[in-house]
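> One predicted model, sequence on top.
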Number of protein chains: 2
Amino acid sequence: MRAFWAHGYERTGLPELQAAMGIGRQSLYNAFGDKRALFLEALDHYGTTQFRWLHERLAAPGSGLANVRAVLATWVDAVTARDFRGCLVCNATVEFGRDREVTAITERHNAAIEASFLAALRRAQAAGELRPSTDVAALAQFLATLGQGLALQGRGGLSRAKAAAIVGVADGLLDAAAAGR
Amino acid sequence: MRAFWAHGYERTGLPELQAAMGIGRQSLYNAFGDKRALFLEALDHYGTTQFRWLHERLAAPGSGLANVRAVLATWVDAVTARDFRGCLVCNATVEFGRDREVTAITERHNAAIEASFLAALRRAQAAGELRPSTDVAALAQFLATLGQGLALQGRGGLSRAKAAAIVGVADGLLDAAAAGR
DNA sequence: GGAGTTCTGGACCAATTGGTCAATATTTCG
DNA sequence: CGAAATATTGACCAATTGGTCCAGAACTCC
């Protein structure tokens, strides 16, 4: 997974894969079939492991709005880490475009992220933290998109100040949606 | 350029390049040096040609805020076009990560986009269309990031409804920044 | 313990990769 | 026109690609 994450599908050769996994080639083909199947499994594995914290944090007890803000705040750190390699789901979307098997996985994880945001936002709304008129569904999709944009820029290298500014705007948006509570 | 745009760097072979450009292999190497150099030139060419409209629209006379909104509106159409292939600058960022030569080009174009947004927003602010307290610099970076997120999702396939909802949130953000004018 | 199954390592393979060469065609220009 | 330079064609090349084969090691289970 790490190898694909760092270099993408095409740029990751079998030797590198073997080295990263510490197993021989035949074992690899025994266990996964071929390179593509291995990638698909790695991709799905990435989604379940890397996004677990996000889902849990958004579902954590307490203020739904605070949970959303907490996730945004961690994005700043994550995306500006010196060795940040982007988000494998985003990377795969770019590399494979509309490949059916790939989009099936990426869309599943994206939908899950949106759903977690949505649940948290709904909770916030029900608790009076957000105006009833707020379109929380759109907001959830928006936040997911913003995350992808951040991950993308982070892969190319993103300064902390810039990431913080961008997330700050999103925070302001939440402020505005909360203003009339 | 189209070939790289559609399939990325690694997935685009010399035969495909020749076919797309309608020239023989040697002519190609004569004119550009090697595949990588050709890509770098295609990438830069993409940036200057594809973003021209955006720069012009943002710099158009009249309301700066309206210009920004107009650009956002076109994003919805662009990104949900049936044959949308993403943004080559974004794709290159993903595929090459922190490759110096590539990021030099992508960052230049990203900076230009942010600058155009910033200029339009400043104009809007000066004209009283936005609250003086609005952090227009952050807003410009934010909008650029959102665009990248949209382009990313669009490459995988994005419904019009979803794109419209996401852009709608950004529009609402502009509303909020204009509210107290 | 040992037969049978599974797994592992490394040699091997066809196909494709980016890139080059040299001969030919084309243009340029005195 | 005709010589010099430029550009095009397609054959060619070494290296790498993903993938397979097979012999032997390891494990399982009666």
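Looks like it arrived, so ask away. Since this is a predicted model, take the numbers as computed values, not measurements.
> What is the burial count for the nearest residue to residue A:46 once chain neighbours are set aside?
With sequence-adjacent residues excluded and distances taken as C-beta to C-beta, 6 or more residues apart in numbering or on different chains, residue A:46 is closest to residue A:88, at 4.3 Å. (Glycine included, C-beta is placed from N, CA and C.) Using other C-beta atoms under 10 Å in any protein chain shown, residue A:88 is surrounded by 26 other residues.
> residues in contact with residue A:88?
A:1, A:4-5, A:42-43, A:46-47, A:50 (C-beta atoms under 8 Å, 6 or more residues apart in numbering or on different chains).
> Among these, name the ones in strands.
Using DSSP state E, no member of these sits in strands.
> just the residues you listed now: which is nearest chain B?
For these, the residue nearest chain B by C-beta to the nearest C-beta is residue A:5; the value is 10.6 Å.
> Let's have the contacts of residue A:88 in JSON lines, adding neighbour count and pLDDT.
Compiled in JSON lines, these are given as follows (neighbours: other C-beta atoms under 10 Å in any protein chain shown; pLDDT from 0 to 100):
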{"residue": "A:1", "neighbour count": "18", "pLDDT": "92"}
{"residue": "A:4", "neighbour count": "24", "pLDDT": "97"}
{"residue": "A:5", "neighbour count": "19", "pLDDT": "98"}
{"residue": "A:42", "neighbour count": "22", "pLDDT": "97"}
{"residue": "A:43", "neighbour count": "23", "pLDDT": "98"}
{"residue": "A:46", "neighbour count": "21", "pLDDT": "98"}
{"residue": "A:47", "neighbour count": "21", "pLDDT": "98"}
{"residue": "A:50", "neighbour count": "16", "pLDDT": "97"}
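> Helices - which of those residues land there?
Counted as lying in helices by DSSP state H, out of these, are A:4-5, A:42-43, A:46-47, A:50.
> residue with max distance from the center of chain A?
Farthest-out residue of chain A from its mean C-alpha position, per C-alpha atoms, centre = their mean: residue A:26, at 32.4 Å.
> all strands of chain A, in order?
Taking DSSP E as the criterion, chain A carries no strands.
> low pLDDT regions in it?
Flagging of chain A using pLDDT under 70 yields the residue ranges A:180-181.
> burial of residue A:30, as a residue count?
A count of nearby residues for residue A:30, using other C-beta under 10 Å, gives 10.
> gap between it and residue A:54?
Plainly put, residue A:30 is 34 Å away from residue A:54 if you go by C-beta to C-beta, to the nearest Å.
> What of residue A:144?
Residue A:144 is 10 Å from residue A:54, by C-beta to C-beta.
> Common neighbours of these two, please.
By C-beta under 8 Å, 6+ apart, the residues touching both residue A:144 and residue A:54 are residue A:113.
> Between those two, point out the one with more neighbours.
residue A:144 (23 against 19).
> show me the contacts for the more buried one.
Applying C-beta under 8 Å, 6+ apart, we find residue A:144 in contact with A:110, A:113-114, A:117.
> distance of the nearest residue to residue A:21 once chain neighbours are set aside from chain B?
Using C-beta to C-beta, 6+ apart and skipping the chain neighbours, the partner closest in space to residue A:21 is residue A:28 (6.7 Å). Separation of residue A:28 from chain B (C-beta to the nearest C-beta, to the nearest Å) stands at 21 Å.
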